[in-house]
Each structure stands twice: as C-alpha cells, then as structure tokens.
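S.K.: how does the following fold in three dimensions:
(chains A, B, C and D)
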Number of protein chains: 2
Amino acid sequence: MNQPSLNPADLDHLLRQTHLFSSLDDAQLAQVRGGLRVLQLDEGQRLFDAGQNAERFFLVASGRIKLYRVSADGNEKVVELIGPGQTFAEAVMFMQRHDYPVSAAALAASQVVSFDGRGFYALLSDSPRLCLTMLGEMSMRLHARINEIDHLTLQNATFRVVHYLCDTLEENGGNQGTIDLTTPKNIIASRVSIKPETFSRILRNLADAGIVTIEGKRIVVHDCQALRAFGR
Amino acid sequence: MNQPSLNPADLDHLLRQTHLFSSLDDAQLAQVRGGLRVLQLDEGQRLFDAGQNAERFFLVASGRIKLYRVSADGNEKVVELIGPGQTFAEAVMFMQRHDYPVSAAALAASQVVSFDGRGFYALLSDSPRLCLTMLGEMSMRLHARINEIDHLTLQNATFRVVHYLCDTLEENGGNQGTIDLTTPKNIIASRVSIKPETFSRILRNLADAGIVTIEGKRIVVHDCQALRAFGR
DNA sequence: GCCGCGTCTTGATGCAGGTTAAGGAGCCCG
DNA sequence: CGGGCTCCTTAACCTGCATCAAGACGCGGC
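M.R.: Numbers count the residues shown, from 1 in each chain, chains lettered A, B, ... in the order given. Next up, the predicted model:
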C-alpha cells in the first residue's frame, strides 16, 4: 500500500522519458511540473468513472491501470491496459463534451502522476512542435482502435488471443519466448473480448497443439511462427 | 458518370465550410488550394487500398465513400461511411508507418477533393490554431471508435441497428421520423457488423413490434422513444 | 497444518447470429 | 415485354462462443 512517494529525481527522469513531453524546453517542462500531482492508488481503487468531468490526464509511474466500460447489465469490457511510462486520457482535453469516455481503475497498487489539462492546453496553443507530437500520439491510438475493430469483426477469438500473446511477447523484452502474465487472466480475457472460460480453453488448445506450454501464470511460446499462424 | 467538374465558386464554398479549414487565413487557404486536386469517381471505383503509401487526404464534395477492411478470407467490414462535406484520412499524415489503415471506394459516382499531406503538415507546424482544430477532430474520431468497440462487445446486433437508425435520423434533417436509405442495405449491415440477412430480420422485428414501417428504401419511425428502448 | 476465498479450469448445455439455399422485387437493356 | 442482372427477404439449419455448474488449485491468515 504505502509505496515510497516518487522522489524528485525519479519524477524528473519519468517526465523526461515520456514521449509526449519530449519536445518541451525547460521552461515548458517547469510549467507542466507546476500543475502535476502524484497519486498513490491501492489495488482496485478507481481513478475516474466514464462520464465524469475531465480536467486532468495521467501518466503511470508504477503499477497497472485498466481503462474499461461497463454496460447497463453490468458487463465489463477492458478497453486498454496501461503500464509504467504510458500516458492516458490526454485526448479528452479536446473533446466538446468534456468528460472521460471510459472508467479507470488500478489493477495493482500504483503510482500515477496527473496533469492539469487546461495548463497543458495552453502549452499546446503556443507550441506547434508539442502539437505535432500530440497528433502523432493520437493517430497511433486511432490506428490501434481501427485494428481492434478489425479484430472484433473480421477475426475470431483465437486470433485475438494469439495476437495478444505475440504483442506482449515483443514488448516484454524481445522474443525470449516466455510471457509472464502480470495481469489476471480474467482481465486479459476482457481485453480481448472473450469470457475467462473461453480464454482458458483457447490456451489449452494452443498447449495441445504443442505451440505453447502453460505453467500457471507463465506461458512459454515454443514456436512464435506457428503461434501467429494458428489464428486462422 | 460525367458530373460537371466542381466550379471554383462551389469549391471555395466547400473549403470555407469545412471545419478542418475553419481557422485558416486567406494566405493559408491559398496554400491549401495550391496542392489540391479534384477527382471524379465512378460508382464502385477504388480510391486507395489499405497498406498503400499515404500522401494525400480527402474531402467529399458529392457522392458517398466507404472506408473498409477486408479479411484474409475475403470478408469485408465497412468502418465508416463518408458523405459530402466530410474529410477522411487526415490522421494518416501523423503515423509512423505512412500508409492507409483502411481501403476507400466510391459507393456512387462521387466528386472528391484531395490535398497534399506534406503541404498541410507544413501548415500545421506553424499554426497552433490549426493544430488544435485538428486535435479536436481527431479526438472526436477516437471517441467514436471507442463507442463502436463498446457497441461491438457490450451490445447486441439489434442495439447497433437501432443506434444506426437514430443517428442517421437526427443527422438527416431533424426528427422527421423518416429515413431514406441512400446507402444499400448490405453496406449498412456491414457498417453495423452484421450480415444482410440479420439486418433484414431485425428490421422486420422492429416492424412487427409496430415501431417502424418499412417501405423498400424508406423507413418510417413511428416512435423514436420506443426505438431507442428496443435495443436491450 | 486447515480453512476460506478468489482465480482458474473443465464439462454440459444454450442461443445469437452466421450460413446455406431458395425465391421475390426492381431495373436496365434488348 | 421478357430475360438477366443485382439487391433484398425468408426460412431451415449450424456453430462459436456464452452461460451455467462443479470442482481444482493456489495462497494468506491463524
């Protein structure tokens, strides 16, 4: 629960390596620093709810955040998983209706830095370079969403699982072939839009086909080629 | 096929009422005009394919364009329908991989204006106001995509049809209660991610429930309230 | 150790929407 | 008018994934 509060040096390092802030000069960075707050979140703690008025955006320092939607009948869809070094909810600043389109909650104890949207908007309005960085960031997000829609409508559940495994494989330090599921399986299932039962079954199919080995929260991928090929 | 080529006055009018260009001064608008081309597309004609190198973005003057993806096994998903006055593929300019994420084709004979991406990028890089307009535009798109993911994962087919009907109802001149389907039903079906047969069935359900009347390509909505309520 | 609880797996059954197949309704063109 | 399009509808059947229902496997607390 009580992590040591982010020290100034670490915070500085975090800000400087955040892509969104990469084009800022010292004065601008100082202004960003002026409006920030550091939050400690317990496991399960909610950060904001969909529909809530959005004045701030966020950067994860440690832990893990889920962005999700809940339907009228209580079903939950995890839209995105956010890890250390990643920002979220920046795009909200530009929306006509000024509120969060998703909810956010901590999957584990987390440290999150929040920034003042208004202040950052001011910064944007006289720094074209910053704007272009932001535009780049947003077009990446947009593209990712189009891909997700593609996967939901043109591909099946197995494909989505395989895709998720390959993705986390290459972002978790190269092609070691081993994936440590930091995230609970039911959350991953929701992320790829299937039920936990189905996720379990699909993993077993992959194991039965000799493509992976499941050891609890550790998945060993034997044949990355075959894995990609397995989804359709 | 041979529509009269867009005359200069109409073109001027079109550019001036396009939201994306709303903040431009005369000099900037002149620069935009310098890099544009007017295209005449026949029904069914493709404008670009997914994966193709993207140097231009577009504005529809007349007609109707579909943006879509095709899966390995030949299935097609219409991601968006673009009508007169709307722009598309602007976001592509900012992507690292510089190519279209979707394909585009004309659903009917159309006139489309295309713009030079590089030139516009230059304009952006010294006009923060233009950047902010662009950011607003993109965050709207992003939000729309999140909603679509929500609808695909948390709502059912009937909901999506109802939602589509309500949307087109209010964008086609107020709540008259009558929708003229300018777009073929199989395209609409793909847009809401169902098969034509299912679309047909759902419309009949709505008709059987007395909520709408179907007269070929014309749908009369009797009770907009009940229509909204019918999706779950 | 043993209990209690949350996560994960496995099997049996159900159902929304896809698939297949067979007309019907326009509509263009001879 | 009639034949051949393409688009749409209807009906019978099928299937991928959800749902429901039991366990099994941790793992922390005492």
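
S.K.: and the closest residue to A:Arg56 other than its chain neighbours, bridged to which residues?
M.R.: Computed as Cβ to Cβ, 6 or more residues apart in numbering or on different chains, the closest residue to A:Arg56 that is not its neighbour in sequence is A:Ser114, at 4.5 Å. Where you see a C-beta, it was placed from the backbone N, CA and C, and this is true even at glycine. Beta-bridge partners of A:Ser114, counted by DSSP bridges, are A:Arg37, A:Phe58.

S.K.: how about A:Ser114, what does it touch?
M.R.: Residues in contact with A:Ser114 (Cβ atoms under 8 Å, 6 or more residues apart in numbering or on different chains) are A:Leu36, A:Arg37, A:Val38, A:Leu39, A:Arg56, A:Phe57, A:Phe58, A:Leu59.

S.K.: can you check A:Ala106 too?
M.R.: A:Leu41, A:Asp42, A:Glu43, A:Gly44, A:Gln45, A:Arg46, A:Leu47, A:Gly63, A:Arg64, A:Ile65, A:Lys66, A:Val112.

S.K.: ok, and of those, which contact DNA strand D?
M.R.: When the contacts of A:Ala106 are checked against DNA strand D using Cβ under 7 Å from any atom of the strand, none falls in range.

S.K.: closest to DNA strand D among those?
M.R.: Among these, A:Glu43 lies closest to DNA strand D (Cβ to the nearest atom of the strand), at 12.2 Å.

S.K.: do I have it right that that closest one meets A:Ile65?
M.R.: No. Under the criterion of Cβ atoms under 8 Å, A:Glu43 makes no contact with A:Ile65, lying 11.3 Å away.

S.K.: report the set of residues contacting both of these two.
M.R.: Common neighbours of A:Glu43 and A:Ile65 (Cβ under 8 Å, 6+ apart) are A:Ala106, A:Leu107.

S.K.: quick one: the strands in chain A?
M.R.: Listed in chain order, the strands of chain A (DSSP state E) span residues A:37-41, A:46-48, A:56-62, A:65-70, A:76-82, A:87-88, A:103-106, A:110-116, A:178-180, A:212-215, A:218-221.

S.K.: need the residues that contact the fifth one.
M.R.: Residues external to strand A:76-82 that are found in contact with it (Cβ under 8 Å, 6+ apart): A:60, A:64-71, A:88, A:102, A:107, A:183, A:187, A:190-191, A:193, B:146, B:149-150, B:153-154.

S.K.: show me which positions of it end up buried.
M.R.: Buried positions in strand A:76-82, judged by neighbour count with 16 or more other Cβ atoms under 10 Å in any protein chain shown: A:Lys77, A:Val78, A:Val79, A:Glu80, A:Leu81, A:Ile82.

S.K.: ok, for the third one, nearest residue in space, not its chain neighbours?
M.R.: What it means is A:Val79. Using Cβ to Cβ, 6+ apart, the closest residue to A:Val79 is A:Leu67 (4.8 Å).

S.K.: beta-bridge partners for the one you found, please?
M.R.: A:Glu80, A:Ala104.

S.K.: any regions of chain A where pLDDT drops low?
M.R.: Counting by pLDDT under 70, the ranges of chain A that qualify are A:1-5, A:173-176, A:232.

S.K.: which residues of it lie near DNA strand D?
M.R.: Going by Cβ under 7 Å from any atom of the strand, the residues of chain A near DNA strand D are A:Asn75, A:Asn156, A:Ala157, A:Thr158, A:Ser193, A:Ile194, A:Lys195, A:Glu197, A:Thr198, A:Gly216.

S.K.: give me the neighbour count for the second one.
M.R.: Put plainly, it is A:Asn156. By other Cβ atoms under 10 Å in any protein chain shown, the residues close to A:Asn156 number 13.

S.K.: okay but it is in contact with A:Gly231, surely?
M.R.: Yes. Using Cβ under 8 Å, A:Asn156 and A:Gly231 qualify as a contacting pair, with a distance of 7.4 Å.

S.K.: let's check: the centremost residue of chain A is which one?
M.R.: In chain A, the residue lying closest to the centroid (Cα atoms, centre = their mean) is A:Ile82, at 2.4 Å.

S.K.: what does chain A put close to DNA strand C?
M.R.: Going by Cβ under 7 Å from any atom of the strand, the residues of chain A near DNA strand C are A:181, A:184-186, A:196-197, A:199-201, A:203-204, A:214, A:217.

S.K.: list only buried entries from the residues you listed.
M.R.: When the residues of chain A next to DNA strand C are checked for burial by 16+ other Cβ under 10 Å, the buried set is A:Phe199, A:Leu203.

S.K.: that older thread, which ones are touching the nearest residue to the residue nearest to the centre of chain A once chain neighbours are set aside?
M.R.: Take A:Ile82 and drop its neighbours on the chain: the residue closest to it by Cβ to Cβ, 6+ apart is A:Ile65, 4.3 Å away. Residues in contact with A:Ile65 (Cβ under 8 Å, 6+ apart) are A:Leu41, A:Leu47, A:Phe58, A:Leu81, A:Ile82, A:Phe88, A:Ala104, A:Ala105, A:Ala106, A:Leu107, A:Ser110, A:Val112.

S.K.: which residues in chain A form helices?
M.R.: With DSSP state H, the ranges of helices along chain A come out as A:8-17, A:26-34, A:117-124, A:128-154, A:157-171, A:185-191, A:196-208, A:224-230.

S.K.: the second one packs against which elements?
M.R.: This means helix A:26-34. helix A:8-17, helix A:117-124 (3 or more Cβ pairs under 8 Å, 6 or more residues apart in numbering or on different chains; DSSP states H and E).

S.K.: just to revisit the earlier point, turn the strands of chain A into CSV, columns for distance to B:Asn7.
M.R.: Below are the strands of chain A laid out as CSV (distance: least, Cβ to Cβ, whole Å):
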stretch, distance to B:Asn7
strand A:37-41, 56
strand A:46-48, 51
strand A:56-62, 45
strand A:65-70, 47
strand A:76-82, 46
strand A:87-88, 47
strand A:103-106, 51
strand A:110-116, 49
strand A:178-180, 60
strand A:212-215, 63
strand A:218-221, 61
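
S.K.: now A:Leu14: how far from A:Ser127?
M.R.: Distance of A:Leu14 to A:Ser127, computed by Cβ to Cβ, to the nearest Å: 20 Å.

S.K.: do A:Asp10 as well
M.R.: From A:Asp10 to A:Ser127 the distance is 26 Å (Cβ to Cβ).
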